[in-house]
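Peer 1: structure of the sequence below:
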Amino acid sequence: MLTIHVAEASPETAVVADGAQLAAVGPYETLAADHPRARVRRWPGILTPGLLNPYGPELLEQAYHPDPREADRLGTEPVFGERARALLAANASARGASARRGVQRMLAHGTVAVAGELRSRAAVDAVRGAGLALAGRSAGLPGPASFSPVPLVLLPGLAPGRPARFAVFDVPDRAALVRDGASTCVATVVGGRLVYRGR
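Peer 2: Numbering: from 1, shown residues only. Predicted coordinates:
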């Protein structure tokens, strides 16, 4: 089934998803007229190609992402350093579960691609399972590992025939996205599937 995704602040950049591929990209009015039977998903903010997070190894292999049941003991934010190493060394299932929770946090920040060499099976499986694209990265990274890295790295533009991979941020324009960061994400689509939807 065809689905049109359109965001309020960027109606000139709507997309038609046909399964895992983009069938069309353009102004909403044109796409709606060309595809009258398509389901329509309306979002606040702007529709973008989604973000590349350059900190794959740091966030998925070197950080421990607590289970909600561990919040009273470990908090809700990722744990780094010696404590993370101890938690990740506990057993293989802890590494896999942490990596999957880390990927979910990435999706909640509009990440559709991850950079950096992933060496652990748990991280690779979590990334592949979510359908995130993998990319190389430059040697020098600008800042500390973050789900909302500075600067934000948007993927190349959306086009028909490319994977249906994009994110929507509840901001009025790209300048506001840069200022307010990736935590403004309201929806992430990977492979044509809505993998994150804000509340």
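Peer 1: in this structure, which residue is most central in space?
Peer 2: Centroid check for the chain by C-alpha atoms, centre = their mean gives residue 111 as the closest residue, at 2.1 Å.
Peer 1: not counting its neighbours along the chain, what's nearest that one?
Peer 2: The shortest distance from residue 111 to any non-neighbouring residue, by C-beta to C-beta, 6 or more residues apart in numbering, is to residue 53 (4.5 Å). To be clear about C-beta, it is placed using only N, CA and C from the backbone, and glycine gets the same treatment.
Peer 1: does that neighbour touch residue 106 like I think?
Peer 2: Yes - between residue 53 and residue 106 there is a contact under C-beta atoms under 8 Å: 5.7 Å.
Peer 1: which neighbours do those two have in common?
Peer 2: Any residue near both residue 53 and residue 106 by C-beta atoms under 8 Å, 6 or more residues apart in numbering counts here, and that gives 59, 114, 147.
Peer 1: strands of the protein, residue ranges please.
Peer 2: Assigned by DSSP state E, the strands in the chain fall at 2-7, 14-18, 21-26, 39-43, 46-48, 51-53, 111-115, 133-135, 166-169, 185-190, 193-197.
Peer 1: among these, which is the most enclosed?
Peer 2: strand 166-169 (a mean of 30; mean count of other C-beta atoms under 10 Å).
Peer 1: could I get the contacting residues of residue 29?
Peer 2: Counting by C-beta under 8 Å, 6+ apart, the residues that residue 29 touches are residue 11.
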